[in-house]
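[1] kindly generate the corresponding structure for this input.
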Amino acid sequence: MRTLCASTLIGEFFVIGFAALVAMKDPDLATSTVWTVSGILMALSILLCGVITRPGGLQLGWALQIALIASGFFVPSMFILGLIFAALWWASIHYGREIDEAKARFAAQAQDPAQGQPGGNAA
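    Residues are numbered from 1 along each chain as shown. This is a model prediction of the structure:
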């Protein structure tokens, strides 16, 4: 799960940076504000790569997804990109857990070859 989630977060890092470049074109937004908010979100996306498996890591990831969707009020294309990344985040968690469970099953079978045999006889 960690690899898939981290890949999604790295993708978000770049999207946030590009969205900041677009937001700078808006005359109503101060450049310093745009880069402060974007910098915090970019740093959060990188830091989350290291804490995904810790308590609260996934919830912080969901908070980042909500922030990306909400950034659509300033850069309208972020509504779509935020929803896409929220879907990728969900898929990373869902399928990552399935992959982790499959890896654990295969590791257990490698430790006990009789487990995978019909009848359960190792002899």
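
[2] not counting sequence-adjacent ones, nearest residue to residue 17?
    In space, residue 17 comes closest to residue 42 once its chain neighbours are excluded; the distance is 6.1 Å by CB to CB, 6 or more residues apart in numbering. Every residue, glycine included, has its C-beta placed from N, CA and C.

[3] pretty sure that neighbour contacts residue 18?
    No. Taking contacts as CB atoms under 8 Å, residue 42 lies outside contact range of residue 18: 10.7 Å.

[4] and those two? which has more neighbours close in?
    Shown here are residue 42 and residue 18; by other CB atoms under 10 Å, residue 42 has more neighbours (18 against 15).

[5] how much space separates the more buried one from residue 103?
    Look at residue 42 and residue 103: by CB to CB, to the nearest Å, they are 31 Å apart.

[6] what do you get for residue 18?
    Taken as CB to CB, the span from residue 18 to residue 103 is 34 Å.

[7] now do the nearest residue to residue 29 once chain neighbours are set aside against residue 30, distance only.
    Among residues not flanking residue 29 along the chain, residue 23 sits closest, at 5.6 Å (CB to CB, 6+ apart). Taking CB to CB as the criterion, residue 23 is separated from residue 30 by 10 Å.
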